[in-house]
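Enquirer: no sequence on this one, just coordinates:
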């Protein structure tokens with residue numbers, strides 16, 4: 001493989017990982033905003049809202065980590 005195609009593979013992996021990070025950040029931000037709104041509207045449900053928020057954020061983090069690993073694995077195969 002030529003140096004240019006290897007460089008493009010690394011660039012694509014970096015851009016892919018960056019987009020995954022941005023998407024995960026936006027998703028977790030939306031979850032946190034909705035949880036804050038829900039807590040403000042119904043303070044007695046704060047425990048259930050927090051638990052659901054943490055589970056959803058962890059799932060987003062897991063998908064984002066998996067996608068970033070896939071990006072870097074594809075770059076290493078190039």
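Expert: That came in fine, so what should we check first? Small disclaimer: the values here were computed from a predicted structure and weren't measured.

Enquirer: any weak-confidence spans in the chain?
Expert: 1, 78 (pLDDT under 70).

Enquirer: quick one, helices of it?
Expert: With DSSP state H as the criterion, the chain has helices at 3-41, 46-77.

Enquirer: Share the number of residues neighbouring residue 2, please.
Expert: 7 (other Cβ atoms under 10 Å). To be clear about C-beta, it is placed using only N, CA and C from the backbone, and glycine gets the same treatment.

Enquirer: er, residue 67 I mean
Expert: Other residues close to residue 67 by other Cβ under 10 Å number 16.

Enquirer: ok, it - contacts?
Expert: Residue 67 is in contact with 16-17, 20, counting by Cβ atoms under 8 Å, 6 or more residues apart in numbering.

Enquirer: ok, 7 Å please
Expert: By Cβ atoms under 7 Å, 6 or more residues apart in numbering, the contact list for residue 67 reads residue 20.

Enquirer: What distance do you get for it to residue 74?
Expert: 11 Å (Cβ to Cβ, to the nearest Å).

Enquirer: Apart from its neighbours in sequence, what residue is nearest the most centrally placed residue in the chain?
Expert: Centroid-nearest residue in the chain, with Cα atoms, centre = their mean: residue 24, separated by 2.6 Å. Among residues not flanking residue 24 along the chain, residue 64 sits closest, at 3.6 Å (Cβ to Cβ, 6 or more residues apart in numbering).

Enquirer: now the one you found: how far from residue 51?
Expert: Taken as Cβ to Cβ, the span from residue 64 to residue 51 is 21 Å.

Enquirer: So between the two, which is more surrounded?
Expert: residue 64 (19 against 10).

Enquirer: residues in contact with the more buried one?
Expert: 20-21, 24.

Enquirer: If we use 10 Å, what do you get?
Expert: 17, 20-25, 27-28 (Cβ atoms under 10 Å, 6 or more residues apart in numbering).
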